[in-house]
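Peer 1: Next comes the sequence, and after it the predicted model I'd like to discuss.
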Amino acid sequence: MGRIHLLPLFRICVAWILGIVFFDTTGRHLQWPIWAGATVCLLGLALGALVQKPAGHIVWKARVLFAFGFFFLVSGIHSHYSNPFNKPGHYIHLPHATKLEVVVEEWPAAYSAGSFKAKGRVRAVQVDGQWKAATGRVFLYFLGHGLPMGGQMLGCPLVVDAAQLALMKPASNPGQFDYAHLMRLEGIVHQVFLRPQGYVVDSVHREQNWRLGLQAWRHHLLENLLFLDGNTRGVAEALLLGYKENLDDYTRNAFSRTGTMHVLAVSGLHVGIVYMVLAWLLQFILGAHKYRLPKLAITLGVLWGYAFITGLPPSAQRAAFMFSLLAIGEQLDRPYNVYNALVLSAFVLLFIQPMLLYQLGFQLSYLAVLGIVAFQPTIQAWLSPPYAILRYAWGLVAVSIAAQITTFPLSIYHFHQFPIIFPLANLIAIPGAFAVLVFGMLLMAVSALGGQVLWLAQWMYQAILDFLTKGIDLLEGLPWASLQGLGMFHYELGLWYAIIICLTAAWLGRSKRVWYIGLALLVLGETGLTVKQVITYQPAEMVVFDVPRGSLYGIRSGSEAILLLDSHYQRDIAFQTQGWLARLHGRGKAYLGGQALELPGVAIRHSLIGMGHSVVCLVGHTWKKLPEAHWYIISSHGLAAPFHGLPSEALVFDASVDPKRILMAHPGLVHAHFVQRDGAWKAGFE
């Protein structure tokens, strides 16, 4: 454990992170006590500094305690005031606004399901006929096919009606990934759906700044990849420029299930390759020991320029910051400590954007690097192959294993799977990503030449991408490539990381006591989970899922589950159901109102479902008389059924039913459950 004492910022960074979490969860209404506590801690630090050396052990501990408390309390206050929603000029604090002026700040727009999506920044709002400066960000969905595909929209202000703002709907299905919550952490809570006649483009007052200039350059670079076919274009765009909107679901799943999704997110691998190529070029052109300051300035400019071009994701910010420290250390002949760089980068990024702490990309990026620097040297030493190619391959495997040690709980929690084949898949993905990046930079360099040189470069680039994507597809198709349907609750996630921290501390510090604490946590945690499952266990449950304008029901009995799906529904349901299936470890699919289905402990006959002592009636067609039941689940095909005399609390209208239409005709049904309005419906049965 001696390594931790070498990190000057370690305690400060821990205090800063804990303060952000505390204030966000429980401290929002304690601002004045927090201010008072921070003042007391600051006074304590000042008094401690007045003590003449040599200071006693108690004084030293008091200084550490006051410093920890000060940064703990200040981080909470800072995170509150840096939150964009708490700024008085944010458009959500101007509810009487009639129009918004939104600047398109991201391009190209992504085309999906008949619309183009882009991000916009609110610049001003109109209140009582007067325009006022405002802040905030929204999603823009341009409906129809009339949107220009060039960069003409980038930086252009759009005037839209405030009534077009639609709140992003949070996830309501059991275990579903909450995309709306993720976007809120990035400062976006509303989306605007724009038809061709629903907005006005002000191209005269188009904004121009360096960030928009980098976005325009990104658009130009993406145009150089239009020659690629199929899913290889999406892979190249993600690898080179961090643009993932053209990745199809099949490609995403293939990389995710093989544990190679990290190569499609701009991170240390990508920034490291850019740094390595740039360092070689600068040394070749300017020499090894000359022009140090110009070389440093060029290196920092290229690193951060690349990070901004790729959209500045958390992993790219972390990598650019750490490689910047490495470049500064090399030019100044100062030693580079990767632990100090990791902690310092985390502290600086969380100081600038405290809400980054909750972003999955930030968490996975730092956990992966921490696992690599902590475990990779030890794992690498397990084997010593005799040939260089084997040593290189084992090095890649060691890095992959080390990163998985610290990231697998978070991956299972969010993605419900574990890639068994990840060591073999990374032997293809990492060299393939290196080739795609290096040849991609060469392709960009020769794109202006044209002729046979450009044709040859494009042919080689297509071949490299085909090798990478087909290799990943081949491995993903193996029956044992990954474990699917895994589940983990939030308290299990915390327990696993507590165990990993204890076992890591025991491994690095060779402490048997910490080793025993980790094992005790594992035993106590599993015992507690087993007891909780016994206490809260319900033999059967039913879920009416919230899917876009469709009918989808899930039924569980014990550890087995089935899905009942409208046979006319054409959309993919994996996103809405994988969390529920993962936590129940059950699978299955059938059709609504079909033949009798078998599920232990559940009687399913036509449109009646018996679970325990309860009966659920699926109203999916016209009934002259409804049978007796405890619950009636009504789809759009059963709206003509005579359900109006039934208690509204017993009625559940699935996601295919528009609640506004029903409530206009039958206002007395306001207490019924509408999935489109109230989210997924779930009930347990004894």
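Peer 2: Arrived safely.

Peer 1: Check which helices and strands the one helix or strand residue 498 maps to is in contact with.
Peer 2: Per DSSP states H and E, residue 498 falls inside helix 490-509. Using 3 or more CB pairs under 8 Å, 6 or more residues apart in numbering; DSSP states H and E, the elements in contact with helix 490-509 are helix 360-380, helix 388-415, helix 512-536. All C-beta spots, glycine's among them, are computed from the backbone N, C-alpha and C.

Peer 1: one more time with 10 Å, if that's ok
Peer 2: Using 3 or more CB pairs under 10 Å, 6 or more residues apart in numbering; DSSP states H and E as the contact test, the elements touching helix 490-509 are helix 2-5, helix 360-380, helix 388-415, helix 512-536.

Peer 1: May I see the buried residues of the following helix or strand past the shortest one?
Peer 2: Next helix or strand after helix 2-5 toward the C-terminus (DSSP H and E): helix 10-25. Along helix 10-25, the positions that meet the burial threshold by neighbour count (16 or more other CB atoms under 10 Å) are 10-17, 19-24.

Peer 1: for stretch 631-645, same thing?
Peer 2: Across stretch 631-645, burial judged by 16+ other CB under 10 Å covers 631, 632, 633, 634, 635, 636, 637, 638, 639, 641, 643.

Peer 1: With stretch 278-291 instead?
Peer 2: 278, 279, 282.

Peer 1: List the contacts of the first one.
Peer 2: Which is residue 278. Taking CB atoms under 10 Å, 6 or more residues apart in numbering, we find residue 278 in contact with 295, 298, 299, 302, 303, 306, 323, 327, 441.

Peer 1: And the pLDDT at it?
Peer 2: With respect to pLDDT, residue 278 has a value of 90.

Peer 1: what residues are up against the most centrally placed residue in the chain?
Peer 2: When CA atoms, centre = their mean is applied to the chain, the residue found nearest the centroid is residue 360 (4.3 Å). Residue 360 sits next to 177, 182, 185, 314, 410, 411, 413, 414, 415 when contact means CB under 10 Å, 6+ apart.

Peer 1: ok, now residue 670?
Peer 2: Residue 670 touches 648, 659, 662, 663, 677, counting by CB under 10 Å, 6+ apart.

Peer 1: Report the secondary structure element holding the last one.
Peer 2: It refers to residue 677. Using DSSP H and E, residue 677 falls within helix 675-678.

Peer 1: related to what we said a few turns ago, out of the contacts of residue 670, who's the most crowded?
Peer 2: Greatest neighbour count in those, by other CB atoms under 10 Å, goes to residue 662: 20 neighbours.

Peer 1: thinking again about what came up before, out of the buried residues of stretch 631-645, which sit inside strands?
Peer 2: 631, 632, 633, 634 (DSSP state E).

Peer 1: What about the residue lying closest to the third one once chain neighbours are set aside, how many residues nearby?
Peer 2: Nearest non-adjacent residue to residue 633, counting by CB to CB, 6 or more residues apart in numbering: residue 652, 4.7 Å away. As a burial measure, residue 652 scores 23 neighbours (other CB under 10 Å).

Peer 1: Kindly report the same for residue 271.
Peer 2: So residue 271, with other CB under 10 Å, has 26 neighbours.

Peer 1: Over to the one 5 residues further on?
Peer 2: The burial count assigned to residue 276 is 13, neighbours taken as other CB under 10 Å.

Peer 1: State the number of residues packed around residue 521.
Peer 2: With other CB under 10 Å as criterion, residue 521 counts 17.

Peer 1: when you give positions from now on, start the count at 15
Peer 2: Understood, numbering begins at 15; the last thing we discussed is residue 535.

Peer 1: can you pull the contacts of it?
Peer 2: Residue 535 sits next to 509, 510, 512, 513, 515, 516, 517 when contact means CB under 10 Å, 6+ apart.

Peer 1: how near is it to residue 416?
Peer 2: Residue 535 is 22 Å from residue 416, where distance means CB to CB, to the nearest Å.

Peer 1: got a list of what residue 253 touches?
Peer 2: Residue 253 touches 277-280, 283-284, 446-451, 454, 479, 482, counting by CB under 10 Å, 6+ apart.

Peer 1: Checking my notes, residue 146 in a strand, right?
Peer 2: Yes. Counting by DSSP: H, G, I helix; E, B strand; the rest coil, residue 146 is part of a strand.

Peer 1: Please list all residues in contact with the closest residue to it other than its chain neighbours.
Peer 2: Of all residues not flanking residue 146 in the chain, residue 139 sits nearest, at 5.8 Å (CB to CB, 6+ apart). Shown in contact with residue 139 (CB under 10 Å, 6+ apart): 103-105, 108, 110-116, 145-150, 176.

Peer 1: Now with 7 Å, please.
Peer 2: By CB atoms under 7 Å, 6 or more residues apart in numbering, the contact list for residue 139 reads 105, 108, 111, 113, 114, 146, 148.

Peer 1: secondary structure element for it?
Peer 2: Assigned by DSSP H and E, residue 139 belongs to strand 129-141.

Peer 1: Tell me where the model's unsure across the stretch 115-264 of the chain.
Peer 2: Low-confidence segments of the stretch 115-264 of the chain (pLDDT under 70): 121-128, 158-166.

Peer 1: roughly how far apart are residue 396 and residue 416?
Peer 2: 11 Å.

Peer 1: Could you check which of the two is surrounded by more residues?
Peer 2: Legend: neighbour count by other CB under 10 Å for residue 396 and residue 416, higher for residue 416 (23 against 10).

Peer 1: Tell me who's in contact with the more buried one.
Peer 2: Neighbouring residues of residue 416 by CB under 7 Å, 6+ apart: 385, 386, 389, 390, 393.

Peer 1: just residue 688 next, same as before
Peer 2: Contact analysis of residue 688 by CB under 7 Å, 6+ apart lists 667, 671, 673.

Peer 1: hmm, 10 Å instead?
Peer 2: Per CB under 10 Å, 6+ apart, neighbours of residue 688: 648, 665-669, 671-674, 676-677, 695.

Peer 1: Which single one of these is nearest to residue 80?
Peer 2: residue 695 (51.7 Å; CB to CB).

Peer 1: I'd assumed residue 689 was in contact with the closest one.
Peer 2: Yes. Using CB atoms under 10 Å, residue 695 is in contact with residue 689, at 6.1 Å.
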